[in-house]
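A.B. asks: Coordinates for the following, if possible.
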Amino acid sequence: MAIKTVGLLSPGDMGHSIGHVLHSNGLRVLTCLEGRSERSRELAGRAGIEDGGSLEDVVKEADLFISVLVPSSALSVAKSVATALHASGSTVVYADCNAVAPNTVRGVADLITEAGSSVADVGIIGPPPRKPGTKFYVSGPGATRFSELGSHGLDIRVLDGDIGQASALKMCYGALTKGLQALATELLVAARLAGIEEALREEQTETMGEVLGWLEGNMPIMPPKAYRWVGEMEEIGSFFGSLGMTPDILNGAADVYRFVAETPIGKESPETRDPNRELDGVIAALAEALSDRNNAS
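C.D. replies: Got it, this is the predicted structure:
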């Protein structure tokens, strides 16, 4: 039977964009707005995502359920959905789209499988899918079913292998992109505070122009996302540690994003951030926040 209704938690930055794409391409999208912020409610309404009532009500209606939240909530939400599935006697394909380590998504799969449903492990690479370019890599028993969403506006790439393969790919890719931004944040703030910012920029322009250009395009939109990236960096550190490598590099990146999230520009939302603030403005704001913190301690 074709997918007609998708359940989704939650309609935040990534979630509401996914919901909007699916709704715009013919699917009914339901969520549970109980306890959600006013911003999430506004995003859901703007995307055409309906409030389906309780979580139990949503799983009764849904053919497929998408979980896309901060990494720290992946297991607790899976547990809540498993409870709702038990209570309703329903089954779904549960797509875990969170930026979590393979061991974490295997824990999610255990909860959902025990409740009688199947799981798709999904790793999202790219920004919220407002335009083409965002890829959804998927593996596991529910991969074929999830791939049907390719007919409803998503770019889906099916991987061979079981639960954990898509998440491993997401972890390795995110370690480079978000790890590089964390490293750049630290060194550029340090250069500004040390008074060698201009000389460093000249050297970067001369010898690392392509990398600098990438940072100029990506870092201005990073601060409002930093709070979500803390958990992702910790998940990557855990994944690398499980393979016998050091978790410390990415745990350090988590510390950088934790700092950014606590600054005034980190507390902005994607809607309220200054769209004219470029890389230099981001670094200046973070350096000022760090100086204020150091002076206060």
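A.B. asks: contacting residues around stretch 277-284?
C.D. replies: With contact meaning C-beta atoms under 8 Å, 6 or more residues apart in numbering, stretch 277-284 is reached by 185, 188-189, 192, 197, 215-216, 219-220, 222-223, 265, 274, 285. The way it works is simple: take the backbone N, C-alpha and C, and place the C-beta from them, glycine included.
A.B. asks: if I pick the spatially most central residue of the chain, what's in contact with it?
C.D. replies: Of all residues in the chain, the one closest to the mean position by C-alpha atoms, centre = their mean is Ala99, 5.5 Å from it. Contact analysis of Ala99 by C-beta under 8 Å, 6+ apart lists 71, 123-124, 170-171, 174, 231-232, 235.
A.B. asks: And Ala168, how close does it get to Val158?
C.D. replies: 15 Å (C-beta to C-beta, to the nearest Å).
A.B. asks: and if you look at Arg228?
C.D. replies: 26 Å.
A.B. asks: thinking again about what came up before, can I assume the residue nearest to the centre of the chain sits in a helix?
C.D. replies: No - in this structure, Ala99 is coil, not part of a helix, as judged by DSSP: H, G, I helix; E, B strand; the rest coil.
A.B. asks: so what pLDDT did Met1 get?
C.D. replies: Model confidence at Met1, given as pLDDT, is 82.
A.B. asks: Sorry, wrong one. I was asking about Ser118.
C.D. replies: You'll see Ser118 listed with a pLDDT of 97.
A.B. asks: Give the bridge partners for it, please.
C.D. replies: In this structure, Ser118 bridges to Val93 when assessed by DSSP bridges.
A.B. asks: residues contacting it?
C.D. replies: Taking C-beta under 8 Å, 6+ apart as the test, what Ser118 contacts is 93-94, 112, 140-142, 145.
A.B. asks: Recalculate using a threshold of 6 Å.
C.D. replies: By C-beta atoms under 6 Å, 6 or more residues apart in numbering, the contact set of Ser118 is 93, 141-142.
A.B. asks: Pipe these into a markdown table and attach distance to Val108, neighbour count and pLDDT per row.
C.D. replies: Shown next, in a markdown table, are the contacts of Ser118 (distance: C-beta to C-beta, whole Å; neighbours: other C-beta atoms under 10 Å; pLDDT from 0 to 100):
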| residue | distance to Val108 | neighbour count | pLDDT |
| --- | --- | --- | --- |
| Val93 | 13 | 24 | 98 |
| Pro141 | 13 | 16 | 97 |
| Gly142 | 12 | 25 | 98 |
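A.B. asks: Sort out which one of those lies nearest Asp162 for me.
C.D. replies: Pro141 (7.7 Å; C-beta to C-beta).
A.B. asks: I'd assumed that closest one was in a strand, is it?
C.D. replies: No - Pro141 sits outside any strand when classified using three-state DSSP, being coil.
A.B. asks: Can you give me the distance of it to Ser297?
C.D. replies: Taken as C-beta to C-beta, the span from Pro141 to Ser297 is 51 Å.
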